[in-house]
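In: Could you work out the structure for the sequence below:
(4 chains)
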Amino acid sequence: MSATTKSVRKLIASTSAIALVAAVLTVGSATTANAAPTTGGTLYMLTHADQWEHPDPQRLYVGRDIAFFNTYVYRNLVSYKPATGPNGATLIGDLATNTGVPSNNAKTWKFTLRAGITWEDGSAITCEDVKYGISRTYAQDVLTDGPTYAISMLDVPTLDDGSSAYKGPYKKTGQALFDKAITCSGNTVTFKLSRTVADFNYAMTYPAFSPIKKLKDTGDKYDLRPFASGPYKIDKNVIGDEMHLIRNTNWKKASDPIRTPYPDDIVVQFGLAEELRDQLILSDQVPNAVNLDALLPTNNKTFFADATKADQRMNVNDPYVRYYAMNLSATHMDCLEVRKAFFFALNTQALIDLAGGSVFYGAPGDSIMKPNLGPDYAPTTGNIHESFWSINGNPTKAKEFLDAAKTKCPAAYTRATSTGITMDLPNTATNQKGSVLIEDAMKAAGIVIKFNFIPSGVYYATVKDVTKQNDISSVGWGPDWANASTVIPELFIKGGGGNYTQTWNDPAYAAFKVKSDKASAETNRAKQIKMWQELGQTIMDNYWIGRPVFTKTQLVWGSKVAGVGFWDPQGTFLFPALYVKN
Amino acid sequence: MLKYISRRLSYTIFILILISLVVFLIFALLPADPAALTCGKTCNPQVIEANRHRLGLDVSVWQQWWRFIVGLFQGRTYGEAEALIKCPAPAFGYSFNRHECVTKIIADAFPITLSLAIGAFIMWLSIGISLGVLAARFKGKFVDRASTVFVLIGTSLPTFISGILILLFVVIKFGLVNPLDLGNWANPFTDPLGWLKTFFFPCLTLAFAYAASYTRFTRSNILETSTEDYIRTARAKGLSEKVVLRKHTLRAALAPIVTIAGLDFAGLLGGAIITEGIYNLAGLGRLSIRAVLVDYDLPIILATTLFAATFVVVMNLIVDILYAFIDPRVRVG
Amino acid sequence: MKPFLQVKDLCVAFPTEDGQVKAADGISFDLNQGETLAIVGESGSGKSVTNLAIMGLHNKSKTQISGSVTLNLPNQVIDVISSTEDEVRKLRGSTMSMIFQDPMSSLHPYYSVGDQISEAWRLYNSGSKADGIKRATEMIDLVGIPDAAKRVREFPHQFSGGMRQRVMIAMALVNNPKLLIADEPTTALDVTVQSQIMQLLKDMQKEFNMAILLVTHDLGVVAQVADRVCVMYAGKIVEQAKIDEIYYRPAQPYTVGLLQSIPRVDQFHGKRLTAIQGQPPSLINLPQGCSFAERCEFKKHVTGNLCTEVAPLLEEKADSHFARCHLSAAQIQDLAKVAK
Amino acid sequence: MSNNILELENLSKYFTTTSGGAFSRRKGVVKAVDSVNLTVAEGETVGLVGESGCGKTTVGRTVIKLYEPTAGKIIFEGEDITKYSRSKMKPLRSKMQMIFQDPFASLNPRKTVGSIIQSAYDIHGIKPAGGSENEIRSLLERVGLNSEHINRFPHEFSGGQRQRIGIARALALKPKLIVADEPVSALDVSIQAQVINLLDDLQAELKLSYLFIAHDLSVVQHISDRVVVMYLGKVMEEASTAELFAAPRHPYTKALLSAVPIPDPIIERKRERIILKGDLPSPMNPPSGCVFNTRCWKAADICRTTAPQVLQISPKHNLACHFPE
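Out: Presented below is the predicted three-dimensional model:
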């Protein structure tokens, strides 16, 4: 799961969701299901948000929301197994009978549709529906925000300006080119890719590849009520109020190897004031509800300190890494010594305490990847493992690096000690307080630092703009699936979706790019893992990122909700297992 | 009088046009690029430009503003071909975030805000004025001192605290209202009980702070008016204290409240941001605050700002006209 | 026959933080039907306080009132001071009425003059609102406001100062009162208007056979309309007599000072006025002796420290001529001539 | 050579107003002062009388340039100061001072008497020879106050004493001309005489000139050398005090004088009064011709069409009337 949209959403909602392969570090029990699940009842979901990110499958990019819609409303060709722990990352044919058959050095993929799969009106789901659905990704001006794997992977020519020659099903420009990339033969869908994509079937877990019935497509407004293919359909969806799901009578259990619909109704309560939402959970006034958000910090502490709530909470590692992106194209930060001085001067403990403490917020990390990402992560050397690294900051050592910069890169030194380094921060109360802590730590090391507070809603859009980004930006990232191919190229290769470090001017960049490209195309997973691990070390050796934090998230729910587990690949509740106790 | 009203109306329209222009300019000057915000992972300039065009942001601020004005009268369309979106006049724009014409969004949110505002208005006027009258009538006595405490609490306690207190103790602790029913819209004419369930406590919260300041205001106005010569005249006529208070003192003491109450009410029609937030009411206040802080939804920000401004300006006009009926001195020369 | 109004030993005091303010102290006078009594004095001399006490308009919880104010009505005798609030209220606007100094602020700005007059009438007469307006129109016409039918619907701000005072008079007279208290009725008005209003009051007095209690500081106005005069100083009556007695045979140094200190439009005095030196005393700490002693030019003619030690009583110095001074009337009149 | 300290030539001051209520915002022009000619000689007191709204106060305020004149000239000590800017007026301000009706409203309640007078020095950057405190003390003595009162606040004084403070403040800068706007009308009778005497004494001692604005004709008659009668912004009659009061020629002056009550019951009983009919017309919409014609018992057609010129009918007696008495 790469992409700014996603990291924006999730990081702004702070620790609101999600983790990938979190089982290893899951603190709470992975599941509370010890009795047989019961059918019926109404399951409530509470959130402060006014709406889901996007109910429209082609526009949906947030793990929690993908898990929700994929479980209840619509189906993909391929889905993750509904299980906790590492098993949750297993792929299962959903609408397709299998998990895809690659050929031609993984440049051609074939999927065969099941028999008996239907829309909520009873009509059959066809290959044409799949093709039409994917074609909507190309209508980028109408359907904003979704992942664009289709555009980057499918064999449709690109124009000189880098955009696809196909402009989507509404304008129909370049329709013939698209029709060649996906072909239908009875129940078989064939994808032609422009390059080798060894993990193409993982991309298929994204609803962006799910079918759409053309007759039901309402363009922008499809987002209000997607046509159901799963066990529930949307009875009511009022933004800022609630979404109500009822059973889809045209869904057949026989056609679906994944889902068991337990509750009769699912009601998502939108727009709750944060304090009200928390109080509803704390007081257990709505015992059949799960909290889709994180509790407010003080309420979170209260809830986790209460022994009677032990069965209603979970504290797990989420898929995110928060870090300070060094703008390597800026004259302050192109100097390795200045970056090191910043890295070691930082008083990590104070910042973590401010954000909620190590129990709830997270701990210092040593890589851009996280242990729960899977084998692509390996512990690095240097950085936080240096003997002189201190969680409270080491101003003396930082000063040494700064002094070294004086001779090695005098321009950067002068700036860092006089005009000062400018850091971008989303404008939140926590960041306002944090900036004081950072300023104190830097002052102790002799670094002058200033802050540029940007409204939260436009933060990522602003810092992504190379002309607007300052020297250091506080950002975060989570992988799209358990492969560093959704992390390293996105963040450190020019053209990636989140290259906040503007790596391309760094002396180490050229070699890095060659190796990254090679890793992306490597079909041998063992070799690929080794390459990603080495690249991870390179990033840290060059101090392209400031001290990372491996963050955590907490899930809480009411006393009558059962079957709660953590769905690692989606980083949220294991929705398929949730049920309401009788 | 008609001439005066029509003159004031045209002045009002001019002010609103000016406000709309200012709002446009302010948002044009902000650093964030709404088109860039719509861009996903493979964000390239080409996609941003396409979206900029579709959002209508690819022309100068003046042109955007002019389109907005024209749209108010002629309606607007967005996009093209099969993805065409139509918003009939009066079109305040289309929210790509909520997939709805802004006019419809506001029309949905307004009854909620109106309910809240009217309910709170009635509550705070009745509480504030009656308490103020009692305090003035029994100046220095227990009622007066009790009202002082009320005024002190009411004016110093911010709504977000009093709101949460009411919420916690009345709604959560004593369960007087099913919390899941909070914010549910009910038509006051067909379902008055449902309406009360939803709106009673929000109105009370909102009325609380206002009632306090109206109590103070009423009390001091009555005491001040009581020393007027014409009140002495009324007594000299032989009127009883009751009649003097009711007919002479109150009439003069409460006249200025029309102005303040009118403007306070107008302010609320633009949305009671905090109260709507606390009680889960999808009114204009919450709509606009979310549009600003969460979604950066320009058309909604624009429309709610204008909407709120309209109420203030129009209410000013209404207050002036009302005042003329109350106070003959401003009526005819 | 008893006088219509008898005020006896009226004392009005206000307790304040600094001590008790004796605003009116031992006020006694009579007033007959059809007669005009002027109460003359400077601000703070107690003349308005006396009036409000007669009307029963003092706030009883903040005022100490003693003495009696007796109205000898044909079928009842009533003491305003000892009656209940309700009994006194029923006298106001019917038996006794009052007009005030500032006609603008004394009329309610939000009601038409017709409504205000009609309200006063309907309080004591059963009649519809229309009857009230009809009666108001008659009254407005009676007090000399042209175009009464139209103006009855107008509001106080649409009237000039003089016309407003006429409205006040119309309102005060709407129930044919026996007593009209006019508290500085022309002070806020221009001199041309003043003479109109005074003329009107005289006419009305004849028409209704009213007793008028005129409160003023203007000795010119007094000379114009009064039958008898009370001169007040520091809360007490210092002289009381028929009008000519006061003007031509004053028997009290303060009265003398007042008469000599005002410039007259019909006489050219020469360059200097005879001013009364000093300031009136504070009503909280009145001097032990005569309250005018400190400013009195004549006290040197009194033997010893009599003036500063013994307060003179109100004595009958000549026939129905009362004055408060240790000197005799003849002495004072002689001294006054010398001073001139 | 003229020994006039002040000359007003055709002085006019118009105000534009939005009159009436909220529903009829008609713009109107009030000719508060319309072509007024007036002189004040050195050491002279000129009384300016008329009913409220006749423009007398506006004349006073325009003279000391609280208002900018609409037309005409203000000549002070031979200098045309009509167009003087604020900064050019500054040195002249000390030479002309104003005394107001309400002595309380014109004194800053938070300042002591000493600092109120001191600020007059400060504004003009004057340092009196014997030190300002000594000077202030002697000024207070001069106006009949105790010099020990220098550190008291205005509210500790009675109305008459406050007016004395106002006079002391006006005198601090040793003015030549004092514009006194109803200086005694708020005072009690006994105090009024004290203040009038004080003004008289000061004039004799300091060679002051007064422009004395008042509605009380008795006071004006007492203090003035010459009297100007105004009606609706225009001068009706102007003459020496003795002549004007003994033999008024303008019907308005006559009516005005006849209305003044005389504190003498016998005279009052015998007096015939001229009762003017009707009210003062609205200054927004003055009568055409002679502005007095609507209330004048002698008004003929010419009065309704032609405004009479102010003509000299005898030395030092000017009159604007078609049918003088």
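In: quick one: low-confidence ranges for the stretch 51-200 of chain D?
Out: D:103-104 (pLDDT under 70).
In: 80 - rerun?
Out: Counting by pLDDT under 80, the stretch 51-200 of chain D shows low-confidence ranges at D:102-106, D:125-126, D:129-130, D:158-159.
In: tell me which element A:Asp440 falls in.
Out: helix A:429-445 (DSSP states H and E).
In: Show me the helices in the stretch 51-200 of chain A, by range?
Out: A:63-72, A:127-135, A:149-153, A:175-181, A:200-203 (DSSP state H, counting those that start in this stretch).
In: quick one: which of those is nearest C:Phe159?
Out: Checking the helices of the stretch 51-200 of chain A against C:Phe159 by Cβ to Cβ gives helix A:63-72 as the closest, at 74.4 Å. Just so you know, the C-beta spots here come from the backbone N, C-alpha and C atoms, and that holds for glycine as well.
In: Apart from its neighbours in sequence, what residue is nearest the residue of the stretch 201-340 of chain C found nearest chain D?
Out: For the stretch 201-340 of chain C, the residue closest to chain D is C:Gly220, as judged by Cβ to the nearest Cβ, at 3.0 Å. Take C:Gly220 and drop its neighbours on the chain: the residue closest to it by Cβ to Cβ, 6 or more residues apart in numbering or on different chains is D:Pro261, 3.0 Å away.
In: Spell out which parts of the stretch 151-300 of chain C neighbour chain A.
Out: Within reach of chain A by Cβ under 8 Å from any Cβ of the partner chain, the stretch 151-300 of chain C has no residues at all.
In: Can you pull the residues of the stretch 151-300 of chain C lying near chain B?
Out: Selection of the stretch 151-300 of chain C residues close to chain B by Cβ under 8 Å from any Cβ yields C:155, C:157, C:168, C:171.
In: can you rerun that using 10 Å?
Out: C:154-158, C:168, C:171-172, C:174-175, C:181, C:183 (Cβ under 10 Å from any Cβ of the partner chain).
In: Quick check: phi and psi on the nearest residue to D:His222 once chain neighbours are set aside?
Out: Spatial nearest neighbour of D:His222, chain neighbours left out: C:Pro263 (3.6 Å); criterion: Cβ to Cβ, 6+ apart. Main-chain dihedrals, C:Pro263, degrees, to the nearest 10: phi -70, psi 150.
In: Distance of C:Pro263 relative to chain A?
Out: Separation of C:Pro263 from chain A (Cβ to the nearest Cβ, to the nearest Å): 76 Å.
In: just checking, that residue touches D:Val219?
Out: Yes - at 5.7 Å, C:Pro263 counts as touching D:Val219 under the criterion of Cβ atoms under 10 Å.
In: The residue of the stretch 201-340 of chain C closest to chain D: which element?
Out: Using DSSP H and E, C:Gly220 falls in helix C:219-225.
In: for the record, mean pLDDT for that helix?
Out: Here helix C:219-225 scores 92 as its mean pLDDT.
In: so how many other residues sit close to the closest residue to chain C within the stretch 201-325 of chain D?
Out: Of all residues in the stretch 201-325 of chain D, D:Pro261 sits closest to chain C, at 3.0 Å by Cβ to the nearest Cβ. Applying other Cβ atoms under 10 Å in any protein chain shown, we find 25 residues neighbouring D:Pro261.
In: Now do the contacts for it.
Out: Shown in contact with D:Pro261 (Cβ atoms under 10 Å, 6 or more residues apart in numbering or on different chains): C:186, C:191, C:194-195, C:198, C:218-225, C:264-265, D:218, D:267-268, D:271, D:273.
In: can you give me the helices in the stretch 101-250 of chain B?
Out: Counting by DSSP H, counting those that start in this stretch, the helices of the stretch 101-250 of chain B are B:102-137, B:142-156, B:159-166, B:192-226, B:229-237, B:241-243, B:250-269.
In: Walking through the stretch 151-300 of chain D, point out its strands one by one.
Out: Secondary structure of the stretch 151-300 of chain D (DSSP state E, counting those that start in this stretch): strands at D:177-181, D:209-213, D:226-231, D:234-240.
In: Dump those strands to TSV, plus distance to B:Asn221 and mean neighbour count.
Out: Below are the strands of the stretch 151-300 of chain D laid out as TSV (distance: least, Cβ to Cβ, whole Å; neighbours: other Cβ atoms under 10 Å in any protein chain shown):
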stretch	distance to B:Asn221	mean neighbour count
strand D:177-181	34	24
strand D:209-213	37	27
strand D:226-231	40	26
strand D:234-240	43	25
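In: Make a markdown table from the ones you listed and add distance to chain B to it.
Out: Formatted as a markdown table, these follow (distance: least, Cβ to the nearest Cβ, whole Å):
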| stretch | distance to chain B |
| --- | --- |
| strand D:177-181 | 25 |
| strand D:209-213 | 27 |
| strand D:226-231 | 23 |
| strand D:234-240 | 24 |
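In: closest to C:Lys129 out of those strands?
Out: With Cβ to Cβ as the measure, strand D:226-231 is the member of the strands of the stretch 151-300 of chain D nearest C:Lys129 (41.8 Å).
In: Kindly calculate the angle that the closest one makes with strand D:234-240.
Out: 160 degrees (axes from the mean of the first three to the mean of the last three Cα atoms, to 10 degrees).
In: So what are the sheet partners of strand D:226-231 and their directions?
Out: Applying DSSP bridges, strand D:226-231 is found paired with strand D:45-49 (parallel), strand D:234-240 (antiparallel).
In: quick one: average pLDDT of the last one?
Out: This points to strand D:234-240. Strand D:234-240 comes out at a mean pLDDT of 94.
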